[in-house]
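Engineer: I would like to see how this sequence folds:
(chains A and B)
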Amino acid sequence: QQQVKQSPQSLIVQKGGISIINCAYENTAFDYFPWYQQFPGKGPALLIAIRPDVSEKKEGRFTISFNKSAKQFSLHIMDSQPGDSATYFCAAGRTGGGNKLTFGTGTQLKVEL
Amino acid sequence: EADIYQTPRYLVIGTGKKITLECSQTMGHDKMYWYQQDPGMELHLIHYSYGVNSTEKGDLSSESTVSRIRTEHFPLTLESARPSHTSQYLCASSRQTGHYGYTFGSGTRLTVV
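Structural biologist: Just a heads-up that it's a prediction; the model follows:
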C-alpha cells in the first residue's frame, strides 16, 4: 500500500533550470512532510521539511509548496546545478506516529550542463 | 559528517550464513530505524525502536531481527542469509519528541550469493 506517491521517477533538467518533483499522500493525519536528498553510496540527508500550517517554505534554492486540500506537496529546485544531481525522496509522518516516516518511491534527478 | 555509523559498508556472503549489520549513533537519539532500500530506490521500514529494550517490526515483513540493549546501538541480524536478502540496508535515528528529520547512516550493501 503506497501511501505517498512520488513523480516523476526520473528527471533531466538543464543547468539553470527549475526542477519540480511532486508527491501526493492519502492519510490526512500526516502532519510533517520532509524531503531527502541521496547521493550514490550515501544515506539520504534531510533537505527541507514543511508542516501543513504553511503553504510554502523556502531555503535557498529549494522550495516546498504544500496544498492541503489536494493532499499534494512538491519540491522546486531553482537554478538547478549539476551538483544537485541526486535521488530525491519525499516523505510523510504524523504526530503520535512515533516519528515513523513513509517515503515516496524516489526521483532520480540529473542536471545537465 | 555522519553521527550515525554503519558497518560493514559492503558485505558479500554465502547462503545460510548468519550476519549482523552494525549501527551506532552518537547523538543520544532515542528512536532508531532500519530501512531496506530496493535497487529501484524505494525505502521500506523493516524495524524501529523507541528506546532501550523497545523494538517493533516495520511495514515490510523481514526475516531479520534487531535488538536495542544500549541507546546508541541498534544491530540487525539475519540468522540464515538468502539471495532474497540482497539489498541495501539503511539505519537512521531521530529525536524522541516532536517531528525531526532522520539522520541516516551511509548504509550496508549486502549481497548473498
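Engineer: Name the secondary structure element that contains the residue nearest in space to the middle of chain B.
Structural biologist: Using Cα atoms, centre = their mean, the residue of chain B that lies closest to the mean C-alpha position is residue B:34, 3.3 Å off. Taking DSSP states H and E as the criterion, residue B:34 maps to strand B:31-37.
Engineer: hmm, who's touching that strand?
Structural biologist: A:98-100, A:103, B:23, B:25, B:43-51, B:58, B:60, B:62, B:64, B:66, B:68, B:74, B:76, B:87-96, B:102, B:107 (Cβ atoms under 8 Å, 6 or more residues apart in numbering or on different chains). No exception for glycine: its C-beta is placed from N, CA and C like everyone else's.
Engineer: just to revisit the earlier point, please determine how far the residue nearest to the centre of chain B is located from residue B:50.
Structural biologist: 14 Å (Cβ to Cβ, to the nearest Å).
Engineer: Now do the strands in chain B.
Structural biologist: B:4-7, B:10-13, B:19-25, B:31-37, B:43-51, B:54-57, B:65-66, B:76-78, B:87-94, B:103-104, B:108-112 (DSSP state E).
Engineer: cool, chain A as well?
Structural biologist: A:4-7, A:10-14, A:19-25, A:33-38, A:45-50, A:56-59, A:62-67, A:72-77, A:86-92, A:102-103, A:107-112.
Engineer: Now mean pLDDT and mean neighbour count too, for those strands, in CSV please.
Structural biologist: As requested, those are arranged in CSV below (pLDDT from 0 to 100; neighbours: other Cβ atoms under 10 Å in any protein chain shown):
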stretch, mean pLDDT, mean neighbour count
strand A:4-7, 94, 18
strand A:10-14, 97, 14
strand A:19-25, 97, 20
strand A:33-38, 95, 23
strand A:45-50, 93, 18
strand A:56-59, 95, 12
strand A:62-67, 96, 18
strand A:72-77, 98, 20
strand A:86-92, 95, 24
strand A:102-103, 90, 24
strand A:107-112, 97, 18
